[in-house]
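Colleague: Need coordinates for the below:
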Amino acid sequence: MKKLNLKILLSFLIISLFFVGFSAKAEKLDDIIISGTLKCGVMLDFPPAGFRDKDNNPVGYDVEYCKDIAKSMGVKAVIVETASPQRLPALISGQIDISIGSVTSTIERSKTVLFTNHYLVYKLTAMVKKGSSIKVWDDLAGKKVGVVLGTTPEIEYLKNCKAWSQGCKQVSYKSNADQMLAFKQGKVDAVIDASSIIGFMVNGAEGKDYQVGPVVPNFNDWISIAVPKGEYHLREFLDTHIFWTVDSGRYAELYKKWFGGEAPPLVRSDVNF
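Modeller: Prediction:
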């Protein structure tokens, strides 16, 4: 009987220690709230989603969205400048808490991080010099096209240009800044990027010599916030925040402020998440 009681006691202790250890592991959302800061990885060379104003302060749609999230958490927003190729590596390594850097939620990327529901949607479009002969998508055949390495615009261009007899003529750059500098210097005939940044460039002070070119066919660039793998509670919190941002009219307000025009729907009519 004593041996039986001892076994029961040992079993109870093992189970108790398991649950104590399990409950002691704090979730990312709890860590953020306890720390009092939310570190958002944002691209600051991608206006109007993220850039620096004349006083060198981070501004833009993604910057303001991060600040809204931090406010709903009751913490301070910390904007961490994160280049395009580092958006997910910085998240995985723990340098940032969330990546809100206009990240497309692809199947491949979903293997390493969790994505929220969409908080933004872009088209992909080309920018060309005014008076260019490039009017429709197939006019890009045989032309040098500037894209950013590892991004959705590069992936979609390479997918479509394979149909041309001339093949693909892309020049891949490490950043949007390098891409746009090459275009200004005439090293490429066109650049492809999100419709937001192209519109910002064309309508800006330096855009008098540029015009919007053809749209990448059959593509919507669905944009999500990325969170570390396994942090489901944090993702659910952000999904709730996105819903109320839309329902309250804040999404429409932010979109009009930074992109202009009417905010596009964040879901397909034939899909219900």
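
Colleague: Can you tell me the element Val202 falls in?
Modeller: helix 195-203 (DSSP states H and E).

Colleague: Then Val121?
Modeller: Using DSSP H and E, Val121 falls within strand 113-122.

Colleague: helices or strands next to that strand in the packing?
Modeller: Judged by 3 or more C-beta pairs under 8 Å, 6 or more residues apart in numbering; DSSP states H and E, strand 113-122 is in contact with helix 87-92, strand 98-104, strand 221-228, helix 232-247. (Each C-beta comes from the backbone N, C-alpha and C, glycine too.)

Colleague: Can you dump the C-alpha atoms of that strand in PDB for me?
Modeller: Output of strand 113-122 as PDB, limited to C-alpha atoms (Å, rounded to 0.1, in the frame of the first residue of the first chain):
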ATOM      1  CA  VAL A 113       5.800  32.600 -39.700                       C
ATOM      2  CA  LEU A 114       2.200  33.200 -38.900                       C
ATOM      3  CA  PHE A 115       0.200  35.700 -40.900                       C
ATOM      4  CA  THR A 116      -2.800  37.800 -39.800                       C
ATOM      5  CA  ASN A 117      -5.900  38.500 -41.900                       C
ATOM      6  CA  HIS A 118      -5.100  41.200 -44.600                       C
ATOM      7  CA  TYR A 119      -4.800  44.700 -43.400                       C
ATOM      8  CA  LEU A 120      -4.000  46.100 -46.900                       C
ATOM      9  CA  VAL A 121      -4.000  45.100 -50.600                       C
ATOM     10  CA  TYR A 122      -1.900  46.300 -53.400                       C
END
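
Colleague: one step back: tell me the strands beside the following helix or strand past the helix holding Val202, with direction?
Modeller: Note on helix 195-203: by DSSP H and E, the next helix or strand toward the C-terminus is strand 210-215. Within its sheet, strand 210-215 is paired with strand 124-129 (antiparallel), according to DSSP bridges.

Colleague: Enumerate the positions of the strand it pairs with that are buried.
Modeller: 124-128 (16 or more other C-beta atoms under 10 Å).

Colleague: What residues does Val202 make contact with?
Modeller: 127, 210-212 (C-beta atoms under 8 Å, 6 or more residues apart in numbering).

Colleague: Lys111: which of these is nearest?
Modeller: Using C-beta to C-beta, Met127 is the member of the contacts of Val202 that lies nearest Lys111, at 31.9 Å.

Colleague: Got the confidence number for that closest one?
Modeller: Met127 is assigned 94 on the pLDDT scale.

Colleague: out of everything not next to it in sequence, what's closest to it?
Modeller: Spatial nearest neighbour of Met127, excluding adjacent residues (C-beta to C-beta, 6 or more residues apart in numbering): Ile198 at 4.8 Å.
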